[in-house]
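> Need the 3D shape of this:
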Amino acid sequence: MTSMSRIVAAEDAVPAQAGARGAPRAAAVVRDLREALPTLSDEWTALALRAAEPNPFAELWFVSAALASLPETVRPQLLEVRRADRLIGLLPVVPERGYARLPVHFTANWQHDQMFLGTPLVAAGEEAAFWRAALATLDDAPGAGNFLHLRGLAEQGPVYRALVATRACGIAYHEVRAFLQSSLGPQAYYEQAVRPKKRKELRRQRNRLAELGDLAFRRLENAADLAGWCDAYLALEKAGWKGEAGSAFACLPAKEAFFRAALKGAHDAGRLQFLRLDVGGRPVAMLVNFRCPPGSFSFKTVFDGSFARFSPGVLIQIENLDILDDPAIAWMDSCAAEDHPMIDSLWAERRAIVRVTVPLKGVSRFTTYAACRALERSAAALRKLRA
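Presented below is the predicted three-dimensional model:
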């Protein structure tokens, strides 16, 4: 990230203009994200409920927790798009420098390292208007750099489709990750997705685990238990390889505070689903999901390494298939890396996630954009030849 000046001052943004028939056009302004958060609280929450695509990582409670975990000197900005007085879209952005090994300036969507989807919150039906207003504001802002780089968009989602319909852009990176979507019930899906030999082995592991103590799957029901469940999760994670590597949440106070704040925010917003697998009253695996109807997102999972021979992480994911019986949830995003060996073996569907580079208006800008894209394509072709 660079210490560039703000992309554009809010007072410099183009005001909403009347459409051909008198209806106001959408227009965007750019504000300091930290300053905007408290002033947009109610509107931000309401926008998430009517968004074209659910994204918990773009909701107010998650963004607030993420920002609070970072130094005050980290100052993302917020593209705020309105049609008249109605908020229709929000996109946190940052100015950056350095793309495809070239020292060029550009604007990117801001993402905390625990954000696993970068889709902006956009009101359903306003996707095209959002992108027209957002891109027009960046086009007119010299500080926006040469192009807009967007990470973590769902390729088949309406927000991405509206973007490519509004302005031609290039896919810089494409990956697929495990996705759960089926009309089958939990047991039928499990039997279809997992081969018989594997199911037999998992049944054996579950039985052996049950011999060590009472086996119980639990879901967080009482808000008063949340802090204790967070304690248990953090302790399990720190005791494992992440603790040894220094990457567990509990290894740094700011990271632990973020985890606790994010889960509390999710709980208060009615988004949290927290599961645990206990043996003799002791947690051996835990799973955090964010429910954002019509979708859900598997945020974090952890298991006790001393029980690894029983595959507790897989067993809790099998229990997680009960989400298929939830009438409010049509699908679940694993938020996992591509080719993840565990979740890919349980979930048969896949979701494509892309990073895209969008040119901004101006001859010199487009020239730089084209050079970056050409270098990017050449590098990708070279990697393919070496593979």
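> Can you list the helices and strands that the lengthiest helix in the chain packs against?
Secondary structure of the chain per DSSP state H: the longest helix is helix 363-386. Other elements packing on helix 363-386 under the criterion 3 or more CB pairs under 8 Å, 6 or more residues apart in numbering; DSSP states H and E are strand 102-109, strand 147-154, strand 170-180, strand 349-359. C-betas here are computed from N, CA, C, even on glycine.
> would you turn those into CSV with mean pLDDT and mean neighbour count?
What follows is the helices and strands packed on helix 363-386, written out as CSV (pLDDT from 0 to 100; neighbours: other CB atoms under 10 Å):
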stretch, mean pLDDT, mean neighbour count
strand 102-109, 95, 19
strand 147-154, 98, 23
strand 170-180, 95, 18
strand 349-359, 97, 20
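> Is it possible to get JSON lines of these that adds distance to residue 314?
Below are these laid out as JSON lines (distance: least, CB to CB, whole Å):
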{"stretch": "strand 102-109", "distance to residue 314": "33"}
{"stretch": "strand 147-154", "distance to residue 314": "26"}
{"stretch": "strand 170-180", "distance to residue 314": "13"}
{"stretch": "strand 349-359", "distance to residue 314": "18"}
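> Mind listing what's buried along the longest strand along the chain?
What stands out as the longest strand in the chain, according to DSSP state E, is strand 86-99. Within strand 86-99, the residues that qualify as buried are 87-96, 99, counting by 16 or more other CB atoms under 10 Å.
> measure the residue nearest to the spatial centre of the chain to residue 247 for me?
In the chain, the residue lying closest to the centroid (CA atoms, centre = their mean) is residue 117, at 2.5 Å. Computed as CB to CB, to the nearest Å, the residue 117 to residue 247 distance reads 21 Å.
> how about the nearest residue to residue 309, chain neighbours excluded?
residue 205 (7.5 Å; CB to CB, 6 or more residues apart in numbering).
> okay, now that neighbour: neighbour count?
Neighbours of residue 205 under the rule other CB atoms under 10 Å: 17.
> shaky segments in the protein?
In the predicted model, the chain carries pLDDT under 70 at residues 1-23.
> redo that, cut-off 90
1-24, 100-102, 142, 375-387 (pLDDT under 90).
> Tell me which stretches of it form helices.
Under DSSP H, the chain gives helices at 33-39, 41-49, 60-68, 127-139, 158-166, 186-193, 196-210, 226-239, 241-245, 253-268, 312-320, 363-386.
> quick one, what contacts residue 98?
By CB atoms under 8 Å, 6 or more residues apart in numbering, residue 98 lies in contact with residue 104.
> State the distance from it to residue 106.
Distance from residue 98 to residue 106, by CB to CB: 9 Å.
> How about residue 71?
Residue 71 is 23 Å from residue 106, by CB to CB.
> Give me the neighbour count for residue 387.
Residue 387, neighbours per other CB under 10 Å, totals 5.
> Also residue 378?
For residue 378, the neighbour count with other CB under 10 Å is 11.
> now residue 265
Neighbour count for residue 265, taken as other CB under 10 Å: 19.
> dump the residue contacts of it.
Per CB under 8 Å, 6+ apart, neighbours of residue 265: 60-62, 64-65.
> Among these, name the buried ones.
60-62, 64-65.
> Alpha carbons of stretch 333-350, in CSV - could you do that?
Provided in CSV are the C-alpha atoms of stretch 333-350 (Å, rounded to 0.1, in the frame of the first residue of the first chain):
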residue,chain,number,x,y,z
ASP,A,333,-19.3,-20.9,0.4
SER,A,334,-16.3,-22.8,1.9
CYS,A,335,-14.0,-19.7,1.7
ALA,A,336,-11.3,-22.3,1.3
ALA,A,337,-8.3,-22.3,-0.9
GLU,A,338,-8.5,-23.9,-4.3
ASP,A,339,-8.0,-27.7,-4.2
HIS,A,340,-8.4,-27.9,-0.5
PRO,A,341,-8.0,-31.6,0.3
MET,A,342,-10.5,-31.8,3.1
ILE,A,343,-13.5,-29.8,2.0
ASP,A,344,-13.1,-30.7,-1.7
SER,A,345,-13.7,-34.3,-0.7
LEU,A,346,-17.0,-33.5,1.0
TRP,A,347,-18.6,-30.8,-1.2
ALA,A,348,-19.1,-31.6,-4.8
GLU,A,349,-20.0,-28.1,-6.1
ARG,A,350,-17.5,-25.3,-7.0
